[in-house]
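Enquirer: My questions are about this predicted structure, shown below with the sequence.
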Amino acid sequence: MDNLIPVLVAVPLLGAALLLCGGRRLDRVGHLLGTFLAFASFGVGLALFFSMLGRSVDQRPIHDHLFTWIPVNGFQAEVGFQLDQLSMTFVLLITGVGSLIHLYSIGYMAHDEKRRRFFGYLNLFLAAMLLLVLADNYLLLYVGWEGVGLASYLLIGFWQHKPSAATAAKKAFLVNRVGDVGLSIAVMLMFTTFGTFAFTPVFADASKATQATQATLTGIGLMLLLAACGKSAQVPLQSWLGDAMEGPTPVSALIHAATMVTAGVYLITRSSAIFNQAPTAQLATVVVGAVTLLFGAIVGCAKDDIKKALAGSTMSQIGYMVLAAGLGPIGYVFAIMHLVTHGFFKAGLFLGAGSVMHGMNDEVDMRKYGGLAKYMKWTTVTFGLGYLAIIGVPPFSGFYTKDKIIEAAFGHGGTEGWILGTCAVIGAAVTAFYMTRVMLMTFFGEKRWADDADGHQPHPHESPKIMVIPMVLLAVGSVAGGFLFNWNDSFVRWLSPVTGVAEGNPPLNPTVIQILTGVVLVLGVAVAWMMYGRRPVPATPPLGSLLTRAARRDLLQDDFNHVVLVSGGSHLTRFLVYLEGKGLDGLVNGIAALVGGTSGRVRKIQNGYVRSYALSMFGGALVLAVTTLLMRAVA
Amino acid sequence: MTSTGEAVQFWVLAVIAVGGALGMVLCRKAVHSALCLAATMIALAICYMAQGAVFLGIVQIVVYTGAIMMLFLFVVMLVGVSSADSVKEVLKGQRVAAVVGGIGFGVLLCAGIANANLHAFTGVGAANEAAGGNVQGLASLIFTRYVWAFEVTGALLITAAVGAMVLTHREATEVRQSQRELAEQRVRLGTQVTPLPAPGVYARHNAVDAPGLLPDGTPAEISVNPTLRQRGQMRQLGSDLLRRMGELEQSTAGWLGRKAPKPRSGSELAHVEQRGTEQRGTGQRESEQREVESK
Amino acid sequence: MNPVNYLYLAALLFTIGAVGVLVRRNAIVLFMCVELMLNACNLALVTFSRLHGNLDGQIIAFFTMVVAAAEVVVGLAIIVSVFRTRHSASVDDTNLMKL
Amino acid sequence: MSFPLLTVTAALPAVGAILTAALPAATDTRSRDRNKVVPLAFSLATLVLACVATARFTPGGPRFQLTEYHSWISQFGIGYSLGVDGIAVVLVLLTAVLVPFVMLASWHDADPVVDDRGTFERNRRTQGFFALILAVEAMVVISFEATDVFLFYVFFEAMLIPMYFLIGGFGDRTKGEDAKQRSYAAVKFLLYNLLGGLVMLAAVIGLYTRAHTFDLVSITTALQNGSLHFPPVVENALFLGFMFAFAVKAPLWPLHTWLPNAMGEATAGVAVLITAVVDKVGTYAMLRFCLNLFPEASKTFAPAILVLSVISILYGALLAVGQKDIKRLVAYASISHFGFIILGIFALTSQGQSGAALYMVNHGVSTAAWLLVAGFLMSRRGSRLIADYGGVQKVAPVLAGTFLVGGLAILSLPGLGPFVSEFLVLVGTFERYPALGIVATAGIVLAALYVLVLYQRTMTGPVKAGNEGVKDLKARELVVVAPLIAMLLVLGIYPKPIADIVNPSVNQTLSQVGRTDPAPHVVNAIGGGQ
């Protein structure tokens, strides 16, 4: 059974290889093959899951060493897999949601001429993501980490003929690279500190941390956090996620909502042994989480593009997870739990958004929707269930998981606990506001769509069954997930052997927190209804307040990047090109010109007159004789 | 110390040698230079002999003064005796630099000699005596120790001779015409079918530069070598000469049993005189022109 | 008198020859100056032979003469052939040896 | 006497070069192809021999294997002595692998002109091109194999001659001002490398005056057992003399400016030859000669050289971003990569040096893949300017895909060869100089920037005018690209065989220099070291 782990990765990898190298002859079956392999991988995952359930708790983690990858003296990189409860959770999430989205894509991409390649990329993503969560050392994790980055790059830029898509893809890859630098440095630090970067020995050494290694551990932790920020779109490396919505919607659902972007949370949770010993890094983590959850939420409120609004929401929800992960043992389990439920409902929401776009000629502006509930019943229902889950209405899954995080934030204790808890509660209120806004603008109110430029009126219609079925299944997950996980604390018991668990000591009674959260939730929904439900939504966006305008521009993050990095960088580059031409080459060419000029002048001595040459010979002989005699005299 | 006689001889010869050398450098005409150099060489030859190098002295005179200097003179003749360097120096500073450098060099050499320890000397007499004479001494060295160099020198001389021939050899640019072809050409052109008339008829001085006379008594210019004609060195037959020839014919007529020709009239003679003057004039002008060009 | 005077004479003649080479333009005279320098050397050699009391110096002088003869022959041939083509014996006229 | 495998490996391409040059000039396309198949066959035969040599090399055996020795100029202790260590044998293999690909990729680069009337211009240009490539191969191979400093020097310099003609004679720009640019580039290449070579010659002679032999093995042995000792001033001067030549060849900032010109003007195949094959001699020579002959000076100058390498990495990458010309962009990217190689060599850790050795291989393969595909693209359109391209992905997806894979290798994507080596170099540097390691890591972001910007501008977006007719890769081109990509994958996923060959040699070098890897801090802490 254990040797099935490589198969888990190999199956989608094989699919990617086949689909990408297979050529046109696979065009007709490519999507089926890709989907089949995704489901096969899910099947293998399930088999491994049940096999794991069958073992006692301390027997559950299994290792599978494949081969030595890079051996250089002390540096021994291995290709080996480790499947424990944490990895298992991710495997099921990735393959499960992944398979559903493959299925959905069959319908969504039915008319795309490059469909075969799309499924190839999706399979490649699955393989890389599975490698990421199954690796038993940081270097192999890094391979998966960059692999998902590549898949993300390819899928965001899938419609390459659109310059905006190509730019967004490049931006995503570059911002992720910055994060990757963090991961690289973290691995190097681990190697120089512990002589290894495999999980087991590093965690063992880290937990024995002395005063001397504390600083190093903090460094490692901060670098891992940087990596997590890049991949999970956390402040300050969040700017790529909004643009990443240029990719096809199934991609947004799978990669930029459910799975890849949560890799940062996985990394932090996986490295719990390091973070536990590095309070400064933990503090940085919670700050990042708290800032991002508000940032994302604010951005989500202002966007009119349905996918970008959801992207802001994703950012915000991952902020919750990072916040929880930064809290230490009291938060790890809830971070992962929220991650899983978020995977369900956010994927469902995105698929719903995709379904709406499918019916609306790929229109994404919510101001041109309205009243769609009439035309798309299934979509409205599934989207609605996801909506209820995300805003945390009991007993939908978001209620269970998000509430736990808010409790844990308060439970951190002290002033920090109060601040973090307050942020989390405010975040919950804003979440309720913007999700209600999306819901109302899209499905309710007056219809606002009008003629296209070419005179075609969109005919909103329900999507085909193959797209609806995944949405329904995900909706079921978002309804029931939280309840199931919390029933008898099953999820906590499942995961705690890996991450450890601790009880916080919230200053307030959990029930009080629940009530408080409920109140702000209602407040958020109410405000949204006042603004978008009661009165008609203008088709052109109003000017809005300063904050709204800033939020529409991602709180000026891109402008900052543009001014500081892009134009600063291009000035630097231009300066260097100039320096290269005029400075270095100029120096060399100057020397050449000097030599040329001098010889041009000296050349005139060569006047061609024999007597002149004879004179210089004579003079030379004279000088030689004098020198010789003088040397003699001196000697 | 050497004898007083040698001292006297040295000072006399030294003055001659240096004078000759300076003369060679300073004379404008190459031929004068060559003569000055010859004087210097002879003086040096005597110096050799005075120093016991009798053989070298003789060789100096025979080979250098006799052969090499003559060669120089031949070439000077070939190139043109009258050609002389112009006084103007074209290279800026060349003369000053040469003189200054020369003086410096001379001072340097003299200083070197003065510094050398050369106060005692052996004299070459003993060495000459040992071999039974200067020539024998040199011969025994040349054919023993220096035989290899001697052989190589022989090869060098042969190479030089061949080299000189190759250098001065002029490649024929056209096929040399045979006598037959020349004769045919002559007939074809028809200007001068017969052989050229011989010069020097009634010659008194240098026969080749006096044109032969045609039957009518006029001088045949084509009988004189074209080179001489071009240089304007053709002897002009004056009316006086013609008159005297007429007298000669008259006087020998009886003795030879011939009828005496009619004496030439004065106008005839004057005509000849005039033509001669014209021709000399053109010839001289041409040669002057060539000289100007060569400068 | 000391035979060293012969050396001074040789030095003087050599210098005059050298200066002559530098200032004269007629190739033939130039050659004569070279000959003068060779002769000066020969005088020095003969004098050295006398100073040292052996004949090797004279031998070298003899060889010098032979070489000088060969050199003159070739040199004059060159002058003649140059004169033929350029109608001049001035060394300044042959100044193509420049860029 | 055993079979002189190394001599034959080097001599075979040389013979091939002479034979190719001597073939009768082509009269039609068919005889022209014959004139190309002959050199290709020779390069393939060389590849076989290089494989045999690699197979016969025993990792962990004696330092130099397959040695050959013949006295050459015995008065000066100069010998024709060949031998390979692990690094050399791998590089010989790399050279032998790349040359056939370069030839195939350049198949039509030097074709004689067929004019409008269809008359075949009859000359020896085409075969001259291939003969020159073979000559370069022969000289590079023998440079890798030489264990005699003088012998190495001779071929290190002689390589310039065929390279000069390849750059100056066969660029893709032939008319007017552009042709002038090409001859400028060729002369610049020659002058830079000659200058370096001259300085090195002085150092070679200086070495002889101290050591009285040119034999690398005897000198290193004498250095180790103490019978030979350089005074520090002498050693530093000699080291700098050698290093200067290698830094020009490698090239290291600020001696790099010849490379963009040379690579920009040469055809894509020749550019690959420059950067992937010839320049490797420079970095390899640092490893073999600088470190082994002057261990103390290497340690003295290591920090300064490391700083220069880091500057190279960042400077090359930044300038690559600012280029308008595809080939120049690749050239600057190469400068950045050479910075990594030199960084690894002079970090003086086993990870760094093994990484550098692997980097040489990976850089060769990845640059070949990237640049040859770029060359195919440029040959279709006849322009080297990035601005002339756009949307190629739409009309030639396979070309774009292979170009992307090559680019991903250049930016060190994990799973492809360069990642392994780049990471090793960074780890090796970080062990000893953490600050430099961190700064160098920034290079990976810049690498992503220039690769993706180039890809975006040329391949994506709407199809730009003039690109509609761009054809996808032909069979010959696929034969070139596919194996290179396969090699990149193998090197990225299972580099162990090559690492196993390289590692013992690296350890021997490090023991010669007298440096060991820093131990992990935790072990130190437990042992009470810190």
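Expert: Thanks, I have it.
Enquirer: Can you point out the buried residues in the helix or strand of chain C with the lowest mean pLDDT?
Expert: In chain C, no helix or strand scores lower on mean pLDDT, DSSP states H and E than helix C:56-86, which sits at a mean of 89. For helix C:56-86, a neighbour-count test (16 or more other CB atoms under 10 Å in any protein chain shown) marks C:56-66, C:68-83 as buried. C-betas here are computed from N, CA, C, even on glycine.
Enquirer: what stretches of the chain score poorly on pLDDT?
Expert: Chain wasn't specified; assuming chain A. Applying pLDDT under 70 to chain A flags the ranges A:1-2, A:209, A:211-212, A:451-457.
Enquirer: Sorry, I should have been clearer: chain D.
Expert: Ranges of chain D meeting pLDDT under 70: D:1, D:112-122, D:172-177, D:521-530.
Enquirer: and the lengthiest strand in it, what does it pack onto?
Expert: Counting by DSSP state E, the longest strand found in chain D is strand D:65-73. The contact analysis (3 or more CB pairs under 8 Å, 6 or more residues apart in numbering or on different chains; DSSP states H and E) places strand D:65-73 against helix D:5-22, helix D:29-56, strand D:78-84.
Enquirer: chain center to the second one: distance?
Expert: Yep, that's helix D:29-56 we're talking about. 20 Å (CA atoms, centre = their mean, to the nearest Å).
Enquirer: Against which helices or strands is it packed?
Expert: Using 3+ CB pairs under 8 Å, 6+ apart, helix D:29-56 sits against helix D:5-22, strand D:65-73, helix D:86-105, helix D:125-145.
Enquirer: Which helix or strand contains the closest residue to chain D within the stretch 451-600 of chain A?
Expert: Relative to chain D, the nearest point of the stretch 451-600 of chain A is A:Thr573 (3.7 Å; CB to the nearest CB). Per DSSP states H and E, A:Thr573 falls inside helix A:568-578.
Enquirer: Run through who's touching that helix.
Expert: In this structure, residues lying in contact with helix A:568-578 by CB atoms under 8 Å, 6 or more residues apart in numbering or on different chains are D:315, D:318-319, D:321-323.
Enquirer: Buried residues, the helix or strand that comes right after it. List them.
Expert: Using DSSP H and E, the helix or strand that follows helix A:568-578 towards the C-terminus is helix A:585-602. Across helix A:585-602, burial judged by 16+ other CB under 10 Å covers A:585, A:588-589.
Enquirer: Show me which of those is closest to A:Arg367.
Expert: A:Asp585 (55.3 Å; CB to CB).
Enquirer: show me what contacts the residue nearest to the closest one when sequence neighbours are not counted?
Expert: Distances taken as CB to CB, 6 or more residues apart in numbering or on different chains place D:Thr257 nearest to A:Asp585, at 5.0 Å, with adjacent residues excluded. For D:Thr257, the contact set (CB under 8 Å, 6+ apart) comprises A:580, A:584-585, A:588, D:188, D:192.
Enquirer: out of those, which one sits closest to chain C?
Expert: D:Lys188 (23.9 Å).
Enquirer: Which of the three states applies to the closest one?
Expert: helix (DSSP: H, G, I helix; E, B strand; the rest coil).
Enquirer: ok so, going back, could you tell me which of the contacts of helix A:568-578 belong to helices?
Expert: If you go by DSSP state H, the contacts of helix A:568-578 have D:315, D:318-319, D:321 in helices.
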